[in-house]
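> Kindly return the folded structure for what I paste below:
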Amino acid sequence: MIVAAKSRAHKDGIRAANVKQRGLQTRLRQAALAVVILNITTNALHGQNSGQSRTTAAEESASTSTDLFVMIGSDFDRPGLLPRANYNIGIGHTFGFLKKDPIGDELTFGYTYENAGGHGWFHTPFGEHTESAGVMKNFSLPKTKAVTGYTWLQSGITSYTGNARVRNRLDSGVSLGAIIHFNTNNSIWIQESYSKVVTVPWYTTSSIGYTYSW
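Residues are numbered from 1 along each chain as shown. Below is the predicted model of the structure:
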């Protein structure tokens with residue numbers, strides 16, 4: 001009886017060990033399968049995100065451009081309507097990541113000469129020389145691709161010459177304009193601006209100019 005009991009207990013022990021071994025193997029196979037699935041999912045998501053990043057980068061690159069502009073116009077000083085020369089040259093660059101910015105998608109830098117003397121469109125010693133930075137917002141117009149619109153905020157330093165000492169003043173302005181596109185590289189800008197120099201009456205400017213883009 002003792003021998004039989006020992007034999008039965010030994011068999012039960014072996015059977016229990018086999019069950020535990022099979023359970024361990026099953027769990028190992030499940031863990032391995034989970035690792036494989038996780039690895040495949042991670043690679044797929046990484047590939048998708050990389051593809052989206054490349055697409056976004058390509059779209060942003062395609063939507064950027066650089067504008068070199070030259071504009072001439074006439075200031076109408078207030079009070080009254082006193083015409084004065086206004087010559088402007090500058091450069092701007094659009095950034096794809098700013099396309100949804102409500103203020104603007106193009107950063108600009110420009111130089112403006114304005115005749116502050118009494119000879120209209122001709123140069124006089126009494127000039128205004130302005131270096132300004134700005135932000136421009138380009139927007140499309142309904143039912144046309146040949147013409148687009150823009151708003152333009154600028155601010156800079158104006159230097160008054162012709163006096164015993166050069167006078168520097170803060171100059172700020174806002175413009176509303178239209179761009180007539182001839183092709184990808186060439187366009188005409190037409191704009192109306194309102195400007196204010198500290199300690200000086202406000203004035204408006206009507207301008208037209210040529211722009212080369214690339």
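
> any idea which element His123 lies in?
For His123, there is no enclosing helix or strand under DSSP states H and E.

> Surely it and Ala116 touch.
No: using C-beta atoms under 8 Å, His123 is not in contact with Ala116, being 10.6 Å away. (Glycine included, C-beta is placed from N, CA and C.)

> Between those two, point out the one with more neighbours.
The neighbour count for His123 versus Ala116, taken as other C-beta atoms under 10 Å, is higher for Ala116 (20 against 12).

> Each with direction, which strands does the longest strand along the chain pair with?
Assignment by DSSP state E gives strand 144-160 as the longest strand of the chain. When pairs are called by DSSP bridges, strand 144-160 turns out to pair with strand 127-141 (antiparallel), strand 167-181 (antiparallel).

> Any buried residues in it, and which?
For strand 144-160, burial by neighbour count (16 or more other C-beta atoms under 10 Å) applies to 148, 150-154, 156, 158, 160.

> returning to what we had before: to Ser193, which of the strands paired with strand 144-160 lies closest?
Ser193 lies closest to strand 167-181 among those, at 4.1 Å (C-beta to C-beta).

> avg pLDDT for the helix or strand just after that closest one?
For strand 167-181, the succeeding helix or strand toward the C-terminus, using DSSP H and E, is strand 186-197. Mean per-residue pLDDT for strand 186-197: 95.

> got the angle for strand 186-197 vs strand 144-160?
Relative orientation of strand 186-197 and strand 144-160, computed by axes from the mean of the first three to the mean of the last three C-alpha atoms, to 10 degrees: 40 degrees.

> Which elements pack onto the next helix or strand after strand 186-197?
Moving toward the C-terminus from strand 186-197, the next helix or strand (DSSP H and E) is strand 203-213. Where contact means 3 or more C-beta pairs under 8 Å, 6 or more residues apart in numbering; DSSP states H and E, strand 203-213 is packed against strand 66-77, strand 82-94, strand 186-197.

> What pairs with strand 203-213, parallel or antiparallel?
Strand 203-213 pairs in its sheet with strand 66-77 (antiparallel), strand 186-197 (antiparallel), by DSSP bridges.
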